[in-house]
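Student: Turn this into a structure:
(2 chains)
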Amino acid sequence: MFPLLLPLVMVGCKKTTTPTDATTGDTGTEAPDNLYPLPDDIDEIDFESAFIEAVKMMTTVTTQAPWAGHVAAIDRREVGCPDFWTDPFTIANQTVGSEDGVAWNDDCLTTTGLIYDGWIWWDSTVRNNGDANTYEGRTSEGSRRLEGKATVSNTDEITFEFVGEASDSMYRVQAIGYDRFVYSTRMDATVTGRDVFATDSPTPDGYRTDLVMSLTGGDVDNFEARGNVYMFYPQLQGRFDSIGADMELQGPLGAGPDSCTLEPLGWIGLRDENAYWYDVVFLPRFQEDIVDIDYANDPLSICDGCGRLYVQGIEQEGREICIDFSFLFDGTVHLPEIEEYVLPWHSL
Amino acid sequence: MVIATLLAACKTAPDPEPPVTTNDSETGDVHILPRDSYPLPTDSSPDIPPNLSPSHWVTLEQTGTWLLSSSTAPFTSMSGDLRIREYVDDLDTAVPNYECDVTYALTGEAVTQHSCSACDFVFAVEHYVQLGSPVDCHDPDVPLDGSVWNMGFDSGTRTIYRNYGGTGLWLPWYDATKSGATVTFDWTALLAIEVEDSGMM
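Tutor: Next up, the predicted model:
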């Protein structure tokens, strides 16, 4: 009988809500307490710099990273280690690879002591027409994709590890007085290794991610990011190990009269080593973001470059975080050159 | 009595504490385990990788000729051919079983403005498929019907280079030899392949 009684009793534990307002009919809700105690040093956290650093770090989480490791691994190969494969093939009862592109697949040791273990399939296309120093201009298009589960290592360290899939594309039109680019990247992968991440890089220990990101510029500035980056250790300011985001920011170029260029739509979150999430919530991005409560209330809906801090999902009254995202459109974000999409197996 | 006890607990229920394991019980300080403190499992893999050996291979052969407009420079145009053949394992010469067998007719117009500093001459080479279908080939970079590639010959390295995708990157594409007004070229490679009902080892 006790198990049946417990749910009834727990219902009685619900927090009390304020009664319905007799004049407006609105049903108010009491702000919930923080479920867990806040960290003692929460007032000492420089959230502005932490979130800027997080977004800058996030912009490095692109397919450019594993591709660089892949190219380095191929550059160091020897004849027969690793072997190159065509068509789909079977690994652990799973069919991998493709009729397009080429793959390497082996478990071998080179004479220089490099071990290739696993497989990586890749394909890329590139097209470049015209001259950027003319009014007709030049159009460049590149796309590439790699999938795999592989490590390349020596006795001291892993030089490249890739598990998952990644792709990106670059489209650019350049002419006299004109420049437009669209870069998009998508990864669902684990990436580590010293060939990819130098010891002084933002993420020397690599990451696991499902981030989708795009940046357009030249004539219309726009940045979008959705997904998560898990860095294994607190690689961000020695405190945070994860970034989550669902955001879109219109930059100054090409902004419409109703566009907010000071702050993004959506939110950015950081997780510390104790699994506390700190989120900054900006303007609502989608209609679905507005649930139950009226989102469009001042000051949350003001385009002022500031968002409200939430800790463990609990709004922190009076904690506005103001972040300058202008670096997203000033060339800080590294874009791949069209030549980086060239990796034909034919000429290896 | 059980209900009364639970209800009483409900009144005074404190906010849940974070997991005990993360806090020092005396000071309340948060503890983070040092990275080296995690016990690591023993690596049971062999010290020397086995070096997997594929059971089947595709041989890729590409051969052709350029017939230049004259035996000495400048060369204004060329015509020629390219044949691509691919087969798995050993070729039955009596009844060749090619995976792909494509013959192209080539035409080329000289390109005088180019970025190949090593090239003696460069042509815009147009590929016309005469026999076969390039879609059956395993080389992902076989020319499609009608495609035009900028290609240049370097007598120093005896190589034909290709301006890949128009990017200005001139990649070595064929080994080549010039004799008079004729340039002959070829390229051969192997790719492992999984054949149905056959493992890789």
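
Student: in stretch B:64-82, what's buried?
Tutor: By neighbour count with 16 or more other C-beta atoms under 10 Å in any protein chain shown, stretch B:64-82 contains the buried residues B:64, B:65, B:66, B:68, B:75, B:78, B:80, B:82. (C-beta placed from N, C-alpha, C; glycine too.)

Student: Let's have the residues you listed in a markdown table, adding pLDDT.
Tutor: Putting the buried residues of stretch B:64-82 into a markdown table (pLDDT from 0 to 100) gives the following:
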| residue | pLDDT |
| --- | --- |
| B:64 | 98 |
| B:65 | 98 |
| B:66 | 98 |
| B:68 | 97 |
| B:75 | 95 |
| B:78 | 97 |
| B:80 | 98 |
| B:82 | 98 |
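
Student: Could I get these in JSON lines, plus columns for distance to chain A and secondary structure?
Tutor: What follows is the buried residues of stretch B:64-82, written out as JSON lines (distance: C-beta to the nearest C-beta, whole Å; DSSP: H, G, I helix; E, B strand; the rest coil):
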{"residue": "B:64", "distance to chain A": "14", "secondary structure": "strand"}
{"residue": "B:65", "distance to chain A": "19", "secondary structure": "strand"}
{"residue": "B:66", "distance to chain A": "18", "secondary structure": "strand"}
{"residue": "B:68", "distance to chain A": "24", "secondary structure": "strand"}
{"residue": "B:75", "distance to chain A": "24", "secondary structure": "coil"}
{"residue": "B:78", "distance to chain A": "21", "secondary structure": "strand"}
{"residue": "B:80", "distance to chain A": "19", "secondary structure": "strand"}
{"residue": "B:82", "distance to chain A": "13", "secondary structure": "strand"}
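
Student: Next, give me the two most distant ones among those residues.
Tutor: By the measure C-beta to C-beta, B:75 and B:82 form the most distant pair in the buried residues of stretch B:64-82, at 17.9 Å.

Student: Endpoints of stretch A:197-210, how far apart?
Tutor: 18 Å (C-alpha to C-alpha, to the nearest Å).

Student: Is it positioned near chain B?
Tutor: No: on the criterion C-beta under 8 Å from any C-beta of the partner chain, stretch A:197-210 is out of touch with chain B, staying 9.5 Å away.

Student: Not counting residues beside it along the chain, what's closest to the spatially most central residue of chain B?
Tutor: The structure's chain B has its C-alpha centroid closest to residue B:140; by C-alpha atoms, centre = their mean the separation is 7.4 Å. Nearest residue to residue B:140, sequence neighbours excluded (C-beta to C-beta, 6 or more residues apart in numbering or on different chains): residue A:101, at 5.6 Å.

Student: What is the neighbour count of the one you found?
Tutor: 20 (other C-beta atoms under 10 Å in any protein chain shown).

Student: I figured it was touching residue A:123, is that so?
Tutor: Yes: Residue A:101 is within contact range of residue A:123, at 3.0 Å (criterion: C-beta atoms under 8 Å).

Student: Mutual contacts of those two, please.
Tutor: A:145, B:140 (C-beta atoms under 8 Å, 6 or more residues apart in numbering or on different chains).

Student: Any stretches of the chain with poor pLDDT?
Tutor: Here I'm looking at chain A. Along chain A, segments meeting pLDDT under 70 span A:1-35, A:286-301.

Student: Can you look at chain B instead?
Tutor: Filtered on pLDDT under 70, chain B yields the residue ranges B:1-40, B:43, B:45-46, B:197-201.

Student: any chance you could map the strands in the stretch 51-200 of chain A?
Tutor: Assigned by DSSP state E, counting those that start in this stretch, the strands in the stretch 51-200 of chain A fall at A:84-85, A:89-91, A:94-96, A:102-109, A:115-131, A:137-153, A:158-175, A:178-192.

Student: Which neighbouring elements make contact with the shortest one?
Tutor: Other helices and strands packing on strand A:84-85, by 3 or more C-beta pairs under 8 Å, 6 or more residues apart in numbering or on different chains; DSSP states H and E, are strand A:102-109, strand B:182-192.

Student: Would you tell me which of those strands gets closest to residue A:86?
Tutor: Using C-beta to C-beta, the helices and strands packed on strand A:84-85 put strand B:182-192 closest to residue A:86, at 4.2 Å.

Student: near chain A at all, that closest one?
Tutor: Yes: residues of strand B:182-192 contacting chain A under C-beta under 8 Å from any C-beta: B:187, B:189, B:191, B:192.

Student: so can I have TSV of those residues showing neighbour count?
Tutor: Below are the residues of strand B:182-192 next to chain A laid out as TSV (neighbours: other C-beta atoms under 10 Å in any protein chain shown):
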residue	neighbour count
B:187	19
B:189	17
B:191	22
B:192	23
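
Student: Name the nearest of these relative to residue A:182.
Tutor: The closest of the residues of strand B:182-192 next to chain A to residue A:182 turns out to be residue B:191 (C-beta to C-beta; 33.9 Å).

Student: Grab the nearest non-local neighbour of that closest one.
Tutor: Computed as C-beta to C-beta, 6+ apart, the closest residue to residue B:191 that is not its neighbour in sequence is residue A:86, at 4.2 Å.

Student: Counting neighbours, what do you get for the one you found?
Tutor: Using other C-beta under 10 Å: residue A:86 sits among 27 other residues.

Student: ditto for residue B:58
Tutor: Other residues near residue B:58 come to 22 when the count uses other C-beta under 10 Å.

Student: With residue B:167 instead?
Tutor: Considering only other C-beta under 10 Å, residue B:167 is surrounded by 20 other residues.

Student: ok, now which ones touch it?
Tutor: Taking C-beta under 8 Å, 6+ apart as the contact definition, residue B:167 lies against A:126, A:128, A:140, A:338, A:339, A:342.

Student: still on that earlier bit, so which of the helices and strands packed on strand A:84-85 is the most packed in?
Tutor: Ranked by mean neighbour count, the helices and strands packed on strand A:84-85 are led by strand A:102-109 with a mean of 23 (mean count of other C-beta atoms under 10 Å in any protein chain shown).

Student: Run through who's touching that one.
Tutor: Looking at what lies outside strand A:102-109 - C-beta under 8 Å, 6+ apart - the contacts are A:74, A:77, A:80-86, A:89, A:91, A:96-97, A:115-123, A:148, A:150, A:345, B:48-52, B:140, B:191-192, B:200.

Student: What subset of the residues you listed is buried?
Tutor: The neighbour-count test (16+ other C-beta under 10 Å) marks A:74, A:77, A:81-86, A:89, A:91, A:96-97, A:115-123, A:148, A:150, A:345, B:49, B:52, B:140, B:191-192, B:200 as buried among the contacts of strand A:102-109.

Student: Counting neighbours, show which residues of stretch B:116-126 come out buried.
Tutor: Neighbour-count burial for stretch B:116-126, counted by 16+ other C-beta under 10 Å, picks out B:116, B:119, B:121, B:122, B:123, B:124, B:125, B:126.

Student: then that stretch to CSV, C-alphas only?
Tutor: Extracted in CSV, the C-alpha atoms of stretch B:116-126 (Å, rounded to 0.1, in the frame of the first residue of the first chain):
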residue,chain,number,x,y,z
CYS,B,116,52.0,26.5,-64.2
SER,B,117,55.5,27.8,-63.9
ALA,B,118,57.0,24.3,-64.6
CYS,B,119,54.9,23.6,-67.7
ASP,B,120,56.5,23.7,-71.2
PHE,B,121,53.0,24.1,-72.6
VAL,B,122,49.4,24.0,-71.4
PHE,B,123,46.2,22.9,-73.2
ALA,B,124,42.6,23.1,-72.3
VAL,B,125,41.8,19.5,-72.9
GLU,B,126,38.3,18.5,-73.8
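
Student: The residue lying closest to residue B:99 once chain neighbours are set aside - how many residues pack around it?
Tutor: Nearest in space to residue B:99, with sequence neighbours left out and distances taken as C-beta to C-beta, 6+ apart, is residue B:86 at 4.5 Å. Close neighbours of residue B:86, defined as other C-beta under 10 Å, add up to 24.
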